[in-house]
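Q: I'd like to go over a predicted model; first the sequence, then the structure.
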Amino acid sequence: MTSIGTGYDLANSIYSPDGRNFQVEYAVKAVENGGTSIGIRCKDGVVLAVEKVIASKLLKPNANKRIATVDRHLGIVYSGMIPDGRHLVDRARDEARNHRDTFKSPIPTRDLANRMGGYMQAYTLYQSVRPFGVTAILGGFDSDLEQPVDGEVGSGPSCGGGGKVEGQKHGGPWLAMIEPSGTYWGYYGAATGKGRQAAKAELEKLNLAAGEITIKEAVKEAARIIYIAHDDNKDKDFELEMSWISGSDGPTKGKHVEVPSDLLAEAEGLARKAIEKDLEGDDEEEKDKMEE
Amino acid sequence: MNHLPQAWGRPRDDVYGAYDASYLQTSGPKQATQQPIVTGTSVIAMKFNEGVVIAADNLASYGALARFTDVKRLRVFLDSSVVGFSGDVSDMQYLDRHLNELAIDEAYDLETAATKDTSKPSGKLNAANLHKYLQKVLYKRRSDFDPLWNQILVAGFDAASKPFLASVDLRGTAFTSPSLATGFGAALAQPIMRNYAATEEDAARLTREEAVNVVKDCMKVLFYRDARSLDKYSIAVVTKDGVELKENEQLERQSWAFAERIKGYGTQTV
């Protein structure tokens, strides 16, 4: 980076003359070294997945979770500096609870993204702090049901204003990615971490915006994409962790939970097969070239 | 002008004379809840061979007035326990929100949330844990002389995966029995349930259908004899497969023929 030694990268709260905050850009670098995480928003839910590179063989398999539940209907996965991510999750849980205390209802996913974006942005403003070294992917399913207020006992008036527009669809799946700068966008498919380029290329092929893919298909796609994204990093072993959130009529009944082990195993099996197929294809191409 | 905070929003002394602040002082000791205001009546529950059935009507009374007729007094906790509240409805709402927070804390642990195998004891908060917790909450509040005015039944399973049923009241008094009833139900429904499940062994011989029928009969007796009750009720069956909650049940096959024989009320002159 050209700025090295110019002094503009020494602290937050100082712009470089061309209008950049180098501390934030370095934080993004920290994210780029982390294990790949992805999120897929499909027509009936959201899937989160993360590649966990196994740092030591002494670690207990499947014990160290990276995907966190923030509220019943909300999950977060992140790439980058793990302790920073843990702190971010703690904050997200506080925000979700705070929303429930104030409004007596679950926090909508985009409101949480907004609050978390604001929180991360605050860490780009002051000399005394450094920006978060994580990019977080936030997935949620806002209930499409007529929900009672938390702790409500009756069913309310049977007529009159209820605040909902008749015939209009309310709630649904939502996915957002929050970057170290505090920027957040809503996505159909989001990827971050080391293998994000490969993952993004694969996500684009799925044509998620058309809303055709189901959550069960998305689980399989997510596994395949993590395996593809891991490809460049082949010599290291990794573990795949996945969670999903469907609507109240779907497999998770509106809750953010881990993908069940049998489905995970099936998805991983398919992902391995897909990778092998790709490899065979590559080998044949190489052979053709050799023959030429 | 007096700009001190205690003068904010008050009439000016120089215009209106000295302000009478006496109403700002409360005289005498601090008074916490002295009586419940909006109340729910009995909750009844009994164990059977593979679970627990629990029921409560959908009425919240304001004194003698049947004020709210769609009040759900059975609350499901973590898809594995049911809490039935009688007594003050606002205190029930407070506790319900509190339990909701507790349930979200439990959901933070992804692994347990995904564990579907209920035959093995999981790390999840079970009904016995929940009952103990509620007992501590209620006892703390009574010790602060600010009780939560409820009697609560907790139905579900204990750590050994055996059906669990226990009660706790506004003083933190806790006990357990094969069948339990709060309020008027303790006098009217409890003896009927004891006919079928006097001991744990009796309860373990009851089938689900038998237990549900006994509880439904008890709800009917309660509606006949308890003036603060309703014929619309909620009933939940807790088994190892989870909770089946029905919140809009109607008492069936009522017969008021017995009422003709009752004398001594109202305008009757014997």
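A: Nice, I can see it. Numbering: from 1, shown residues only, chains lettered A, B, ... in the order given.

Q: CA atoms for contacts and neighbours, from now on please.
A: Fine.

Q: which one is the residue of the stretch 1-150 of chain A found nearest chain B nearest to, not counting chain neighbours?
A: Chain B sits closest to A:Thr69 of the stretch 1-150 of chain A, with a gap of 4.9 Å, by CA to the nearest CA. Nearest non-adjacent residue to A:Thr69, counting by CA to CA, 6 or more residues apart in numbering or on different chains: A:Gly75, 4.5 Å away.

Q: hey, what's that neighbour bridged with?
A: A:Thr69, A:Gly139 (DSSP bridges).

Q: what's around A:Glu217, how many residues?
A: Residues lying near A:Glu217 (other CA atoms under 10 Å in any protein chain shown) number 13.

Q: and it, how far from chain B?
A: 19 Å (CA to the nearest CA, to the nearest Å).

Q: quick one: secondary structure of that residue?
A: Of the three states, A:Glu217 takes helix under DSSP: H, G, I helix; E, B strand; the rest coil.

Q: helix or strand for A:Arg272, just tell me which one.
A: helix A:261-291 (DSSP states H and E).

Q: what kind of secondary structure is the nearest residue to B:Ile152 once chain neighbours are set aside in?
A: The shortest distance from B:Ile152 to any non-neighbouring residue, by CA to CA, 6+ apart, is to B:Phe85 (4.8 Å). Classification of B:Phe85 into helix, strand or coil gives strand, according to three-state DSSP.

Q: B:Phe85 touches B:Asn150, doesn't it?
A: Yes: using CA atoms under 8 Å, B:Phe85 makes contact with B:Asn150 at a distance of 6.6 Å.

Q: more crowded one of those two?
A: For B:Phe85 versus B:Asn150, neighbours defined as other CA under 10 Å are more numerous around B:Phe85 (32 against 27).

Q: list the contacts for the more buried one?
A: B:40, B:43, B:73-74, B:92, B:150-153 (CA atoms under 8 Å, 6 or more residues apart in numbering or on different chains).

Q: for chain A, which spans come out with low pLDDT?
A: Scanning chain A for pLDDT under 70 picks out A:1-5, A:155-166, A:168, A:232-233, A:282-292.

Q: please name the nearest non-neighbouring residue to the residue of the stretch 101-250 of chain B found nearest chain A.
A: Nearest residue of the stretch 101-250 of chain B to chain A, counting by CA to the nearest CA: B:Tyr108, 4.9 Å away. Once flanking residues are discounted, B:Tyr108 sits nearest to A:Thr69: 4.9 Å by CA to CA, 6+ apart.

Q: ok, B:Arg97 to B:Glu106 distance?
A: Computed as CA to CA, to the nearest Å, the B:Arg97 to B:Glu106 distance reads 14 Å.

Q: related to what we said a few turns ago, the residue nearest to A:Thr69: neighbour count?
A: 31.

Q: try the one 5 residues further on
A: Residue crowding around A:Gly80 was assessed by other CA under 10 Å; the count is 26.

Q: so who does the closest residue to it other than its chain neighbours touch?
A: Nearest residue to A:Gly80, sequence neighbours excluded (CA to CA, 6+ apart): A:Val31, at 3.9 Å. If a contact means CA under 8 Å, 6+ apart, then A:Val31 has A:79-81, A:133-135, A:192-194 as its contacts.

Q: can you check A:Gly151 too?
A: A:104, B:93-94, B:96-97.

Q: over to B:Val214?
A: Neighbours of B:Val214 in contact, by CA under 8 Å, 6+ apart: B:192-193, B:196.

Q: most neighbours, which of those residues?
A: That'd be B:Met193 among the contacts of B:Val214, by other CA under 10 Å, with 24 neighbours.

Q: and that one, its phi and psi?
A: Backbone torsions of B:Met193, given as degrees, to the nearest 10, read phi -60, psi -30.

Q: show the contacting residues for whichever residue of chain A sits closest to chain B.
A: As assessed by CA to the nearest CA, chain B sits closest to A:Gly154 within chain A, at 4.4 Å. A:Gly154 makes contacts with B:68-72, as judged by CA under 8 Å, 6+ apart.

Q: what are the buried residues along stretch B:168-184?
A: B:168-172, B:174, B:177-184 (16 or more other CA atoms under 10 Å in any protein chain shown).
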